[in-house]
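Engineer: Sequence and computational prediction follow.
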Number of protein chains: 4
Amino acid sequence: MSGTDSKRERILAAALDIFSTQGFANATVQEIAGRAKVGKGTVYTYFPAKEDILTYLLDEGLAHMGQHIGNRIRTVKGSATKLQAILREQLRYFHEHQSLCRLLAREAWGHDYASDSLAQRIRSSYIGMLQEVIEKGIKEGELRALDSETVATALYGMTSIVALYAKDLSCEKALERIEMTLQELFFGGITLSPATMQEA
Amino acid sequence: MSGTDSKRERILAAALDIFSTQGFANATVQEIAGRAKVGKGTVYTYFPAKEDILTYLLDEGLAHMGQHIGNRIRTVKGSATKLQAILREQLRYFHEHQSLCRLLAREAWGHDYASDSLAQRIRSSYIGMLQEVIEKGIKEGELRALDSETVATALYGMTSIVALYAKDLSCEKALERIEMTLQELFFGGITLSPATMQEA
Amino acid sequence: MSGTDSKRERILAAALDIFSTQGFANATVQEIAGRAKVGKGTVYTYFPAKEDILTYLLDEGLAHMGQHIGNRIRTVKGSATKLQAILREQLRYFHEHQSLCRLLAREAWGHDYASDSLAQRIRSSYIGMLQEVIEKGIKEGELRALDSETVATALYGMTSIVALYAKDLSCEKALERIEMTLQELFFGGITLSPATMQEA
Amino acid sequence: MSGTDSKRERILAAALDIFSTQGFANATVQEIAGRAKVGKGTVYTYFPAKEDILTYLLDEGLAHMGQHIGNRIRTVKGSATKLQAILREQLRYFHEHQSLCRLLAREAWGHDYASDSLAQRIRSSYIGMLQEVIEKGIKEGELRALDSETVATALYGMTSIVALYAKDLSCEKALERIEMTLQELFFGGITLSPATMQEA
DNA sequence: CATGAATGAGGCTTCATTCAT
DNA sequence: AATGAATGAAGCCTCATTCAT
């Protein structure tokens, strides 16, 4: 689990670190190479251009996130329960991968003219999945008949922004509390429903 | 509000346009000056540096948004109703000021090393306000006792991301439908509560 | 005649010097700027790219040479006499513009893939002119009926290579002697004529 | 002439191809190795540096050309006839070795500061030979008493430039016609000598 | 005030060369 | 002997900023 620490991996890790903190445009290849402990030229042995590192990180990150969360919820039955699991896993994932989360937030909106492609891809590849779960839940009568696309986007926005802002409260306790709050909010709403309220 | 519509305003408008579409780092002062129909040197008559235009836009934008929404909800009574108004106004504001919204999303996360300041400022100046309203609502028994900071952040995240992703669905109809969905979700939750639920 | 020593002219002069001695590829923009006494960036105010300086020099040089020689021979009557004048002027021109001559010799053969364009242009714009004069001379019975294109090219090759190799013998005397030799050779041939001469 | 056709020869052939079409400076060792079907490192087993390949090619080429032409004219008697043979063989050689011809044209004029050496070497090793033949011819009364150095250089310039420009007319027919033209021109001159002249 | 020509620091990228295998 | 991964020096070009007009 540590032998694959090849140069390529080191470059990617370094780039992720730097891109996510300083932004793609402010990062220099020199710095990436330095942190990865390789020569500047070596970066170009593995990636044709600086931009390609970013593209790779975003693609890979998105795919990894999708797979990771997908795996975690595969066995969960019931749409509501599944959504619950998704919210939890997504929040955790973003929390554990702050860098990716920051990268997605920062660079999603077109770093190269006409490349809203990333936003598009997030929508299609990830939000699309959420939407399906929600629609299934609605059809099966487990969830309210709200516009699924909007709800899915809202869920994504909620968790990502909260995860980003929660970076200060990085102790585990806080995360659990935050998750509970979001679950309550997302499933039950903020209103104090006169009678009862639904469970987590 | 009188005659200062000239150069300074034009520069700011041009910069907002360009920063929000291409990102701060990819924008050139040349291009800003060009779109503002002023000479490149003139930009420096009004702003000490390129970065200061961004700073000003973010500060101003944040303040304007706060004031705008503040004005709209001042007369609204009741915490829940107030929150409802906030959600509506926020969504509309972001929708009408896509550029600012994109700018906040893009540049919030530290465009210069020490400046998580922006995220901080958003939190303190805007999310703080939301938080207060929510806490008041909880105290007054109108809202559920959830962690107010998390809820406020979630509300902010929800609306901003939805507004950003909704740029395609830019017809008014869509916006109303989206707002309704978010209201339902935020106040009532996604779960199909057996009992009741409130309308927008 | 000295006031037009603008930055642009200085850059061109510097580039011509350097390109012709070191070759285009070995020249650095830094060095050009240095010799032109301008900042490195200034070069790019006047030319979009290093390559464009070369292109401009070659185009301009070719045009200038054509005009210069054209002017000198305009009033000369008779094809043979005209050719004589051309040979003289061309040799002198190359001798006085060694740099351009070297540039033409060095960079004519495709410095950018597929751009035999320069060789083509030399052929069409300059050698073409020679060819016409020769053909006219043949038609009028002043010159022998040889293949005009080959003769024109040979004339061009003769003068340019001799001018290049003659750079050591740069005293005026030598040049006159060289010219005379070429005139004799080109018009009369190397064979000791009246009496005998051999067949091909 | 036996088994050494392998790597070293392949590298030289590849380099000649590439240098002559793209120029020395634009060629990469990578590309040379690729075309020679050897590893990049292997090139350095045979040559200390990229530049040395060029040097070798030029030296070798010059020597080979000298020998080749030398062989062909060894048995020819009479200075004029010998010169005739030289012109023919030189033209043919350049035509068949376009690559070398281009290389000589491109890189002769100082690819490295102190190396007018190549031009010098061409002059001494090759043009020198022509000069001797011419001088002998003059002494023996077969040729006109023109400046032999200039004539030799002119002959060299004539044939090389014509050969280069003739690359389009690469059919054998054309070559013969070109050769004949040059022979007529060089030996008889362009002037229509009132008395006699030879036919095509 | 307004302007844009001038500048040079700084970034991305290429590529000759080395060296461990 | 043969290889190609690794490297960093070096070059082209961009662009924020200045300043003389």
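Structural biologist: Done, it's in. Bear in mind the structure is a predicted one, so any value in this text is a computation, not a measurement. Numbering: from 1, shown residues only, chains lettered A, B, ... in the order given.

Engineer: mind giving me the domain split of chain A?
Structural biologist: Domain ranges of chain A: A:1-48, A:51-188, per automatic domain parsing.

Engineer: Out of those, which is closest to DNA strand F?
Structural biologist: Among these, the nearest to DNA strand F by CB to the nearest atom of the strand is domain A:1-48 (1.8 Å). Using the backbone N, CA and C atoms, a C-beta is placed for each residue, glycine as well.

Engineer: is that closest one anywhere near chain D?
Structural biologist: No - shown here: domain A:1-48 not in contact with chain D (CB under 8 Å from any CB of the partner chain), separated by at least 12.4 Å.

Engineer: Work out the gap between that domain and the centre of the chain.
Structural biologist: 21 Å (CA atoms, centre = their mean, to the nearest Å).

Engineer: now stretch A:58-76
Structural biologist: For stretch A:58-76, the separation from the chain centroid amounts to 9 Å (computed by CA atoms, centre = their mean).

Engineer: Which of the residues in that stretch are classified as buried?
Structural biologist: Neighbour counts over stretch A:58-76 (16 or more other CB atoms under 10 Å in any protein chain shown) mark A:58, A:61-62, A:65-66, A:68-69, A:72-73, A:76 as buried.

Engineer: quick one: the closest residue to A:Ser99 other than its chain neighbours from chain D, how far?
Structural biologist: Once flanking residues are discounted, A:Ser99 sits nearest to A:Ser20: 3.9 Å by CB to CB, 6 or more residues apart in numbering or on different chains. A:Ser20 sits 34 Å away from chain D when distances are taken as CB to the nearest CB, to the nearest Å.

Engineer: Now do the same contact list for A:Ser20.
Structural biologist: A:98-100, A:102-103, A:106 (CB atoms under 8 Å, 6 or more residues apart in numbering or on different chains).

Engineer: do A:Ala13 as well
Structural biologist: A:Ala36.

Engineer: can you check A:Lys50 too?
Structural biologist: A:24, A:27, A:29, A:43.

Engineer: re the thing from before, deepest-packed of the domains of chain A, please.
Structural biologist: Using mean count of other CB atoms under 10 Å in any protein chain shown, the stretch among these with the largest mean neighbour count is domain A:51-188, at a mean of 19.

Engineer: hmm, it touching DNA strand F?
Structural biologist: No - using CB under 7 Å from any atom of the strand, we find that domain A:51-188 stays clear of DNA strand F, coming within 12.2 Å at best.

Engineer: Scan chain A for its longest helix.
Structural biologist: Scanning chain A for the longest helix, with DSSP state H as the assignment, gives helix A:50-73.

Engineer: packing partners for the helix or strand just after that one?
Structural biologist: Next helix or strand after helix A:50-73 toward the C-terminus (DSSP states H and E): helix A:79-96. Packing partners of helix A:79-96 (3 or more CB pairs under 8 Å, 6 or more residues apart in numbering or on different chains; DSSP states H and E): helix A:50-73, helix A:128-139, helix A:148-165, helix A:172-183.

Engineer: Does anything pack onto the last one? Which helices or strands?
Structural biologist: It refers to helix A:172-183. When contacts are defined as 3+ CB pairs under 8 Å, 6+ apart, helix A:172-183 sits against helix A:79-96, helix A:148-165, helix B:148-165.

Engineer: Apart from its neighbours in sequence, what residue is nearest the residue in chain A positioned nearest to chain D?
Structural biologist: Distance from chain D to each residue of chain A (CB to the nearest CB) is smallest for A:Thr45, at 12.4 Å. Leaving aside its sequence neighbours, A:Thr45 sits nearest to A:Lys7 (CB to CB, 6+ apart; 8.0 Å).

Engineer: pLDDT at that neighbour, what is it?
Structural biologist: On the pLDDT scale, A:Lys7 is placed at 94.

Engineer: And for A:Ile178?
Structural biologist: Value for A:Ile178, per-residue pLDDT: 92.

Engineer: Repeat that for A:Val151.
Structural biologist: Per the predicted model, pLDDT is 94 at A:Val151.

Engineer: and what of A:His68?
Structural biologist: pLDDT, read off for A:His68, is 94.

Engineer: residue contacts, it?
Structural biologist: A:89, A:93.

Engineer: ok, now how distant is it from chain C?
Structural biologist: Applying CB to the nearest CB to A:His68 and chain C gives a distance of 47 Å.

Engineer: again, but for A:Thr75
Structural biologist: 59 Å.

Engineer: quick one: low-confidence parts of chain A?
Structural biologist: Scanning chain A for pLDDT under 70 picks out A:1-5, A:110-117, A:167-173, A:193-200.

Engineer: Alpha carbons only: can I get stretch A:13-24 in PDB?
Structural biologist: Extracted in PDB, the C-alpha atoms of stretch A:13-24 (Å, rounded to 0.1, in the frame of the first residue of the first chain):
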ATOM      1  CA  ALA A  13      -0.200  14.400  -5.000                       C
ATOM      2  CA  ALA A  14       2.000  17.500  -5.100                       C
ATOM      3  CA  ALA A  15      -0.100  19.100  -7.800                       C
ATOM      4  CA  LEU A  16      -3.300  18.300  -5.900                       C
ATOM      5  CA  ASP A  17      -1.900  19.900  -2.800                       C
ATOM      6  CA  ILE A  18      -0.800  23.000  -4.600                       C
ATOM      7  CA  PHE A  19      -3.700  23.500  -7.000                       C
ATOM      8  CA  SER A  20      -6.200  23.200  -4.200                       C
ATOM      9  CA  THR A  21      -4.500  25.700  -2.000                       C
ATOM     10  CA  GLN A  22      -3.200  28.300  -4.400                       C
ATOM     11  CA  GLY A  23      -5.300  27.600  -7.400                       C
ATOM     12  CA  PHE A  24      -4.300  26.200 -10.700                       C
END
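
Engineer: My read is that A:His35 contacts A:Asp17, right?
Structural biologist: No, residue A:35 isn't His; it's Arg. Yes - if you go by CB atoms under 8 Å, A:Arg35 and A:Asp17 touch, sitting 6.7 Å apart.

Engineer: Is A:Leu54 in contact with A:Leu12, as I believe?
Structural biologist: No - using CB under 8 Å, A:Leu54 is not in contact with A:Leu12, being 10.5 Å away.

Engineer: rewinding a little: got the angle for the longest helix of chain A vs helix A:128-139?
Structural biologist: Orientation check (axes from the mean of the first three to the mean of the last three CA atoms, to 10 degrees): helix A:50-73 against helix A:128-139 gives 30 degrees.

Engineer: got the angle for helix A:50-73 vs helix A:79-96?
Structural biologist: Going by the same axes, to 10 degrees, helix A:50-73 makes 140 degrees with helix A:79-96.

Engineer: nearest to C:Arg121, of the helices and strands packed on helix A:79-96?
Structural biologist: Distance to C:Arg121, taken as CB to CB, is lowest for helix A:50-73 among those, at 37.6 Å.

Engineer: what about that closest one, distance to the chain center?
Structural biologist: Distance, centroid of helix A:50-73 to centroid of chain: 9 Å (CA atoms, centre = their mean).

Engineer: what about that helix and DNA strand E, touching?
Structural biologist: Yes - counting by CB under 7 Å from any atom of the strand, DNA strand E has neighbours in helix A:50-73: A:50-51.

Engineer: hey, C-alpha coordinates of that helix in CSV?
Structural biologist: The C-alpha coordinates for helix A:50-73 follow below in CSV (Å, rounded to 0.1, in the frame of the first residue of the first chain):
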residue,chain,number,x,y,z
LYS,A,50,0.5,21.6,-16.7
GLU,A,51,-3.2,21.8,-17.7
ASP,A,52,-3.3,18.1,-18.2
ILE,A,53,-2.3,17.5,-14.6
LEU,A,54,-5.4,19.4,-13.5
THR,A,55,-7.6,17.7,-16.0
TYR,A,56,-6.4,14.3,-14.8
LEU,A,57,-6.9,15.2,-11.2
LEU,A,58,-10.4,16.4,-11.8
ASP,A,59,-11.4,13.4,-14.0
GLU,A,60,-9.8,10.9,-11.7
GLY,A,61,-11.1,12.6,-8.6
LEU,A,62,-14.6,12.7,-9.9
ALA,A,63,-14.4,9.1,-10.9
HIS,A,64,-12.9,8.0,-7.7
MET,A,65,-15.5,9.8,-5.7
GLY,A,66,-18.3,8.3,-7.7
GLN,A,67,-16.9,4.8,-7.3
HIS,A,68,-16.1,5.2,-3.7
ILE,A,69,-19.6,6.4,-2.8
GLY,A,70,-21.1,4.0,-5.2
ASN,A,71,-19.5,1.1,-3.4
ARG,A,72,-20.6,2.3,-0.1
ILE,A,73,-24.2,2.5,-1.0
